[in-house]
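**Student:** Give the three-dimensional model of this entry:
(4 chains)
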Protein chains: 4
Amino acid sequence: MSKARVEAFSDGVIAVAITLLVCNLHVPDPSRSVSLAHRLGEQWPSYAAYIVSFLTIGIIWINHHAMLQRLVSVDHAILVLNLLLLLTIGALPFTTALMATYLKAAHGQHLAAVIYGGSFLALSIAFFAMHRHMLLSKQHLLHEHLTPTVRRQVLTRNAAGLLPYLVATLGGILTPYLTLAICGLVAIFYAPPRRDESGGA
Amino acid sequence: MSKARVEAFSDGVIAVAITLLVCNLHVPDPSRSVSLAHRLGEQWPSYAAYIVSFLTIGIIWINHHAMLQRLVSVDHAILVLNLLLLLTIGALPFTTALMATYLKAAHGQHLAAVIYGGSFLALSIAFFAMHRHMLLSKQHLLHEHLTPTVRRQVLTRNAAGLLPYLVATLGGILTPYLTLAICGLVAIFYAPPRRDESGGA
Amino acid sequence: MSKARVEAFSDGVIAVAITLLVCNLHVPDPSRSVSLAHRLGEQWPSYAAYIVSFLTIGIIWINHHAMLQRLVSVDHAILVLNLLLLLTIGALPFTTALMATYLKAAHGQHLAAVIYGGSFLALSIAFFAMHRHMLLSKQHLLHEHLTPTVRRQVLTRNAAGLLPYLVATLGGILTPYLTLAICGLVAIFYAPPRRDESGGA
Amino acid sequence: MSKARVEAFSDGVIAVAITLLVCNLHVPDPSRSVSLAHRLGEQWPSYAAYIVSFLTIGIIWINHHAMLQRLVSVDHAILVLNLLLLLTIGALPFTTALMATYLKAAHGQHLAAVIYGGSFLALSIAFFAMHRHMLLSKQHLLHEHLTPTVRRQVLTRNAAGLLPYLVATLGGILTPYLTLAICGLVAIFYAPPRRDESGGA
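**Tutor:** Next up is the predicted model:
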């Protein structure tokens, strides 16, 4: 099966998920007497969560592209692993809304943060599982032969990408701000130009 | 007419439908005093229906891809049958929301389950109708010549795929949990690697 | 400018618009005591409008594809006309929701029907304007040379496609059911296989 | 990294954002006794903002296409700048809804207009930043060699495109109608055929 339609479908799902994030930004009711500036200011967790989730999904898309570029073609197992990855991406507008709604709440904020961090962790695990399956079990579908050393390096770097999200998830138990901060820092960390253009998650 | 734009449009509709499913996951109101964990726990039918519908649409996409790969080009009749198939896919976010909302309700749960199972059944029938039309009436548009025996085999296997959804639909009369369970099992059944990569619905 | 990205963008907008129609199907509140069957039955205008609009957008997509196939490449004027066409398509989820909400209402139903029919009329006019511009002013961008007679035939057939929507729009003054019926009949009329695969709107 | 998937993803995000604008058009509640005509008439800011934002996003798409056509391939920095550009586009359905809701409000209308104009300004700045980076720092990725004079001309013209949005943003302090009018005029100004098809923002 050709790669092109997998890329097109994945691009579609990721593009819709990233754009649906905007639905979590709510226009304050104009009939209330509180000033608009005050009410928009109160909503800062929504904007912060929007930006963090948008950048994270965007970086996942860049990495997804790089991962699929390794492949000549795809088989059923890769399609199913890709579908599970898309499922975790598709759920992010919900976990983002949960985080934004509860960040400043008096209760539920820890659980919301754990779920938010956990959704990024699940996404990274799904990404890692797909990458690992490709590199270890589907070498005949790869463009270039990778030595066991190179494969191990790529996967180790990929697995290391899970760590910050694990910390972000657990950090939610302390304070949801820690979760948001770590997720934001990860997004910012991956944004600058890198020497290794084909790099992992 | 070339296949490429049909694939692009179908990918688009399927990608939007699968991603819109997340709109059925609702963030509990933080001003209420019930704990967030309890309220998210209460919503488990939404998560279950999300996962079942997401995987089902994803597998339909894989099968749709495989089906279109048989074709060299498309004609008006195939476009219209494809449109009817997309119509049934496009309705799934609604039937999924109906199922999730009514699964635990005191009344309406049987009808909601019948409609949920029925929407998957309608989807499978539309898929079968398109596949059948291609194999029996549009042989000149197919990549490879298929003997009548092979065509019958493919269509029989395809028709067999309708059965579980018929049972799931009727099962809703007994209990909606049966419908959800069967639809979930079908999705799980189609996920593992298969020997026949070009297989039907 | 190449055609490919215009097709991709148009496919994207049309795919999102057609799939967003499902957002107009509302799950009845389970806490009310009226039976689900009764409440879903009451919503039949929503289902009817969903199907009519879905099929109409789908047929527009097919015709849009056929129209763009005439072109070798596109210029700025064609892009802008295409954008206006997409604007009318993008508004359909709103006019469809308006029609569905007001079809059985005691007042406002005539205006809603006129707006619904009028939105299809506007769509057809935008389609016609783009097609006319291509055929009359951008012959150097067309794949094949069309004689003035052929061009006139194509445009006349295209213009004739405006008539039913004009009648549907005006018919809303009498009764909204007439508007819905005509729009539905147009969609059904264009669905069956046609001899001329390259046909207009 | 090839350009094709960047275009596909950008097209996807822009197509979803432009189509999500329709979600800001609300169907009036039919149970209220005020006439539908009156209530739809009251909503004219929503329609005006819909059209202005739709055309602006459409023109950005056209310019985005022209900008990417300069490139042979993309690198990580371009991908990240493109992601920031998409972030500003993805936020437009929110700022458009804000503008439409507050245009006629007794308070908050100035801030809403500044945010609306500011979101277009941010979009233009992101566009300019990406274009500037491409022309000044990534000449090895461009299709054709551009002399420093040509590059300066393109960027100057591009920077000039920021001015109307700066005026529109500041104009919101006077009256939100000025902001809407300027944004609308910019969209109309860019719509007619231009001599320079490869032109900037």
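**Student:** helices or strands up against the worst-scoring helix or strand of chain A on mean pLDDT?
**Tutor:** Every helix and strand of chain A was ranked by mean pLDDT, DSSP states H and E. The lowest is helix A:148-160, at a mean of 88. Where contact means 3 or more CB pairs under 8 Å, 6 or more residues apart in numbering or on different chains; DSSP states H and E, helix A:148-160 is packed against helix A:109-137. Using the backbone N, CA and C atoms, a C-beta is placed for each residue, glycine as well.
**Student:** Skipping adjacent residues, who's closest to A:Phe9 in space?
**Tutor:** Of all residues not flanking A:Phe9 in the chain, B:Asp11 sits nearest, at 4.8 Å (CB to CB, 6 or more residues apart in numbering or on different chains).
**Student:** Give me the distance from the strand or helix carrying A:Val80 to the chain's centre.
**Tutor:** Using DSSP states H and E, A:Val80 sits within helix A:76-90. From the chain centre to the centre of helix A:76-90 is a distance of 13 Å (CA atoms, centre = their mean, to the nearest Å).
**Student:** how about it, does it reach chain D?
**Tutor:** No - Helix A:76-90 does not reach chain D (CB under 8 Å from any CB of the partner chain); its nearest approach is 12.8 Å.
**Student:** pull the CA atoms of whichever helix or strand comes after that helix into CSV?
**Tutor:** Using DSSP H and E, the helix or strand that directly follows helix A:76-90 along the chain is helix A:92-102. The C-alpha trace of helix A:92-102 is given here as CSV (Å, rounded to 0.1, in the frame of the first residue of the first chain):
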residue,chain,number,x,y,z
LEU,A,92,-6.2,16.4,22.6
PRO,A,93,-8.9,19.1,22.0
PHE,A,94,-10.8,17.4,24.8
THR,A,95,-7.9,17.1,27.3
THR,A,96,-6.8,20.7,26.4
ALA,A,97,-10.3,22.0,27.2
LEU,A,98,-10.3,20.0,30.5
MET,A,99,-6.9,21.6,31.4
ALA,A,100,-8.0,25.1,30.5
THR,A,101,-11.3,24.8,32.4
TYR,A,102,-9.8,23.4,35.6
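**Student:** quick revisit: tell me the pLDDT of the residue nearest to A:Phe9.
**Tutor:** pLDDT, the model's per-residue confidence, is 93 for B:Asp11.
**Student:** same check, this time on A:Asp75
**Tutor:** Reading off the model, A:Asp75 has pLDDT 87.
**Student:** any idea how far chain C is from it?
**Tutor:** Distance, A:Asp75 to chain C, by CB to the nearest CB, to the nearest Å: 26 Å.
**Student:** Wait, that residue touches A:Leu141, no?
**Tutor:** Yes - look at A:Asp75 against A:Leu141 with CB atoms under 8 Å: they come within range, at 6.7 Å.
**Student:** Give me the pLDDT for the residue of chain A most remote from its centre.
**Tutor:** Most distant from the centre of chain A: A:Ser33, at 38.1 Å, with distances by CA atoms, centre = their mean. The predicted local distance difference test score for A:Ser33 is 78.
**Student:** quick one: secondary structure of it?
**Tutor:** coil (DSSP: H, G, I helix; E, B strand; the rest coil).
**Student:** Let me see the contact set for it.
**Tutor:** Applying CB atoms under 8 Å, 6 or more residues apart in numbering or on different chains to A:Ser33 gives no contacts.
**Student:** One more: A:Tyr190?
**Tutor:** So A:Tyr190 contacts A:Ile59 (CB under 8 Å, 6+ apart).
**Student:** Could you say which helix or strand holds A:Leu180?
**Tutor:** Under the assignment here (DSSP H and E), A:Leu180 is part of helix A:176-190.
**Student:** quick check, the helix holding A:Val80 touching chain B?
**Tutor:** Yes - Helix A:76-90 lies within reach of chain B by CB under 8 Å from any CB, at A:76-77, A:79-80, A:83, A:86-87, A:90.
**Student:** Please list the residues outside stretch A:81-89 that contact it.
**Tutor:** A:6, A:10, A:13-14, A:17, A:57, A:60, A:64, A:74, A:119, A:122-123, A:126-127, A:129-130, A:133, B:18, B:51, B:54-55, B:58-59, B:62, B:191.
**Student:** ok so, going back, what angle do the next helix-or-strand element following the least confident helix or strand of chain A and helix A:176-190 make?
**Tutor:** Remark: after helix A:148-160, the chain's next helix or strand is helix A:162-174, criterion DSSP H and E. Interaxial angle of helix A:162-174 relative to helix A:176-190 (axes from the mean of the first three to the mean of the last three CA atoms, to 10 degrees): 160 degrees.
**Student:** orientation of helix A:162-174 relative to helix A:92-102 in degrees?
**Tutor:** Using the same axes, to 10 degrees: helix A:162-174 against helix A:92-102 is 30 degrees.
**Student:** Tell me the buried residues in helix A:162-174?
**Tutor:** Neighbour counts over helix A:162-174 (16 or more other CB atoms under 10 Å in any protein chain shown) mark A:162, A:164-172 as buried.
**Student:** A:Ala100: neighbouring residues, count only.
**Tutor:** Neighbour count of A:Ala100, defined by other CB atoms under 10 Å in any protein chain shown: 27.
**Student:** That one and A:Leu21 touch, don't they?
**Tutor:** No - using CB under 8 Å, A:Ala100 makes no contact with A:Leu21, being 9.8 Å away.
**Student:** Now a PyMOL select for only the buried ones of the contacts of stretch A:81-89.
**Tutor:** Of those, the buried ones can be selected in PyMOL as follows, counting by 16+ other CB under 10 Å:
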select buried, (chain A and resi 6+10+13+14+17+57+60+64+74+119+122+123+126+127+130) or (chain B and resi 18+51+54+55+58+59+62+191)
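**Student:** Residue numbers of chain A in contact with chain B?
**Tutor:** A:1, A:5, A:8-9, A:12-13, A:15-17, A:20, A:23, A:75-77, A:79-80, A:83, A:86-87, A:90-91, A:93-94, A:97-98, A:101-102, A:105, A:107-108, A:111-112, A:115.
**Student:** mind redoing it with 6 Å?
**Tutor:** Listed as neighbours of chain B in chain A under the rule CB under 6 Å from any CB of the partner chain: A:5, A:8-9, A:12-13, A:16-17, A:76-77, A:79-80, A:83, A:87, A:90, A:93-94, A:97-98, A:101-102, A:105, A:108, A:111.
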